[in-house]
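**Q** dropping the sequence and predicted coords here.
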Amino acid sequence: QLHEIITGHELPDQSSAVSPVQIVLATEPIPEALPSEIVGLLEYLDARGGKQDIFQISAETHQEFGHLISVVKAAEMLNFVDTPKRLVVLEPEGQKFVCGQDSERKIIWRKNLFGFALFQEVHDELQKDPDHEMTRERLIEIITRRLPQENYDRVCDTLVLWARFGDLFGYDENTEKLFLQR
C-alpha cells in the first residue's frame, strides 16, 4: 500500500488529455538532478532492454530512493522516460538521446529544455538584453516570481547546470552572469 502511495503520487500512471508540453509550460519546479545522473539513468535503462522496476534501479545503483525519484521525474519531464506504475521505461526520445553522439545529445537536450516555461522565459530575457547577459540576481527574481514556494538557490543552480549541459546558455561563476552561447 505504501508503494502505491509513493509511486502513484510521485510517478503517476495516468496520462491526461493535456499534452506533456502544456503541462510543463505551467512552470513545474525543476527536480534537483544532475544532467549526468539523468544520462546515467537513460544509459542504465538502455543496457537493460529499455525498462526496469524503480525499486530494482534503486537497489542496483545504490541510489537513495527519494533522490532516484527526483532523477526519474527529471528524465520524465525531459520526455526521455515514462513511468507506468513501478516501471521506468525509455521513451523514443530517450532512446534517440542514448544513441546520439555528444553533439546530438546536446541538441536533443536543448530542444527539450524549451518545453519548460522557466527556461523559455530566461532565454527570451537573454535575447532581449543588448549584451545577451543576465545577473544571477535577475534569474533569482524570475524564479521567485514563477516558483515562490521553491528554494530559489537550488532551482537556480539546477537550471544553470541543465542549461549549460545543453549549451542553451553559459554561466560565468566569477561575475555570476548568465549569457547566451555564441
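**A** Received it, and whenever you're ready, just let me know what you need.

**Q** got phi/psi on the residue nearest the centre of the chain?
**A** Central residue of the chain (CA atoms, centre = their mean): Ala74, 3.9 Å from the mean position. Main-chain dihedrals, Ala74, degrees, to the nearest 10: phi -60, psi -50.

**Q** so where's the protein uncertain?
**A** 1-26, 182 (pLDDT under 70).

**Q** show me the strands in it, by range?
**A** 51-53, 81-82, 87-90, 133-135, 169-172, 177-180 (DSSP state E).

**Q** okay, those strands in JSON lines with mean neighbour count and distance to Leu34 next?
**A** In this view, the C-beta of every residue, glycine as well, is placed from N, C-alpha and C. JSON lines is the format used below for the strands of the chain (neighbours: other CB atoms under 10 Å; distance: least, CB to CB, whole Å):
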{"stretch": "strand 51-53", "mean neighbour count": "15", "distance to Leu34": "20"}
{"stretch": "strand 81-82", "mean neighbour count": "22", "distance to Leu34": "16"}
{"stretch": "strand 87-90", "mean neighbour count": "22", "distance to Leu34": "17"}
{"stretch": "strand 133-135", "mean neighbour count": "17", "distance to Leu34": "22"}
{"stretch": "strand 169-172", "mean neighbour count": "17", "distance to Leu34": "15"}
{"stretch": "strand 177-180", "mean neighbour count": "19", "distance to Leu34": "18"}
